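1. Can you look at this prediction? I've put the sequence above it.
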Amino acid sequence: ARGAPGASCLPLELFLPVHTRYMSPGLPPEADGAAGAAAQPAQGPPEAAGAAAFRRVHPLHYHQAFLAQGVRPDGRGLLRGRRAAASAAVVSSADGSAMAKLGQTTVLAGVQAVPTLPSEAEPGEGRVVISLDQPLAGGERGGQARQEREQSALSELLQRSAAGMVAAASLCIEEEKAVWECRCTLHVLEADGNLTDACLLAMLVALSDTALPAVSSSSGTKQSV
């Protein structure tokens, strides 16, 4: 069980600090959105509905109007990244979990550590398995096939990235007998851009939060992994 005596946290081999990827040098944080706030007057429901309809019918003109004022539709300056935030331990039933947000894009990650048999090729190494849960949006003909290809490519990227975050040997319970398989599921709650970065951030924080349960051998000896 998570947090039980004898449990230990995953030793991670982390690469670049995540927060450095979301900062634009030379622009103070307090300036974020200032131009956009001036460019976008407060809108009531009728005005907001009209703007949404105009965006769907004339997307090019819609974005050109904001670009002419040096801002994005969400109020950010052209060189400003989305605000990033992440919280760990958000799902009590998981061995590790996290919620990550980049602007409005929101991803929930949960990790379950399951004991399993090792592979014959790597008898002393466990594994991390990534799965992506993202509902397909409706759209024009061929749009669903394109989304499926994009999701497949993103899943492969996340799987390769996870292999560099966790030392596989640290997931060994007993060589040639049992290893941990950490199953990390990423649920896309809202996709509004920068989905790859949001998934990577959620996965990183969830794996960092993962505590492997204590296990006992067949002889009754308790082993902390």
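-> Received the coordinates, thanks.

2. contacting residues for the spatially most central residue of the chain?
-> Residue closest to the average C-alpha location in the chain (CA atoms, centre = their mean): C199, at 2.1 Å. For C199, the contact set (CB atoms under 8 Å, 6 or more residues apart in numbering) comprises A100, V107, A109, L132, L154, L158, L186, V188. Heads up, the C-betas are built off the backbone N, CA and C, glycines and all.

3. Count the neighbours of T210 for me.
-> 28 (other CB atoms under 10 Å).

4. Can you report how many residues lie near the nearest residue to it once chain neighbours are set aside?
-> Closest residue to T210 apart from its sequence neighbours, by CB to CB, 6 or more residues apart in numbering: G96 at 2.9 Å. The local packing of G96 (other CB under 10 Å) involves 25 other residues.

5. what's G96 sitting at in phi/psi?
-> Phi and psi for G96, reported as degrees, to the nearest 10, are phi -170, psi 140.

6. start the count at 27, not 1, going forward
-> Shifting the count to begin at 27 puts that one at G122.

7. if I look at the residue nearest to A111 when sequence neighbours are not counted, how far off is A179?
-> Take A111 and drop its neighbours on the chain: the residue closest to it by CB to CB, 6+ apart is K127, 4.9 Å away. Per CB to CB, to the nearest Å, K127 is found 23 Å from A179.

8. about what we covered before: can you tell me how far the residue nearest to the centre of the chain is from A135?
-> Distance of C225 to A135, computed by CB to CB: 8 Å.

9. Also L238?
-> In terms of CB to CB, L238 sits 17 Å off from A135.

10. Compare neighbour counts for these two and give me the winner.
-> Each of L238 and A135 has its neighbours counted (other CB under 10 Å); A135 has more, 29 against 24.

11. need the longest helix for this structure.
-> Ranked by residue count and defined by DSSP state H, the top helix of the chain is helix 169-191.

12. Mind checking what helix or strand follows it in sequence?
-> Counting by DSSP states H and E, the next helix or strand C-terminal to helix 169-191 is strand 198-200.

13. Given the next helix or strand after that following strand, what are its sheet partners and their directions?
-> Using DSSP H and E, the helix or strand that follows strand 198-200 in sequence is strand 204-216. Here strand 204-216 is paired, per DSSP bridges, with strand 131-142 (antiparallel), strand 153-159 (parallel), strand 198-200 (antiparallel).

14. Quick one, which of these gets closest to R102.
-> R102 sits nearest to strand 131-142 of all the strands paired with strand 204-216, at 13.4 Å, using CB to CB.

15. So which bits of that closest one are buried?
-> T131, T132, V133, L134, A135, G136, V137, Q138, A139, P141 (16 or more other CB atoms under 10 Å).

16. Likewise for stretch 84-95?
-> F92.

17. Show the low-confidence segments of this structure, by residue range.
-> 27-74, 164-168, 243-251 (pLDDT under 70).

18. same thing but 50
-> 27, 37-68, 249-251 (pLDDT under 50).

19. show me what contacts S181?
-> Taking CB under 8 Å, 6+ apart as the criterion, S181 is in contact with I156, S157, L158.

20. Verify the stated contact: the first one with E182.
-> No. With contact taken as CB atoms under 8 Å, I156 and E182 are classed as non-touching, separated by 9.2 Å.
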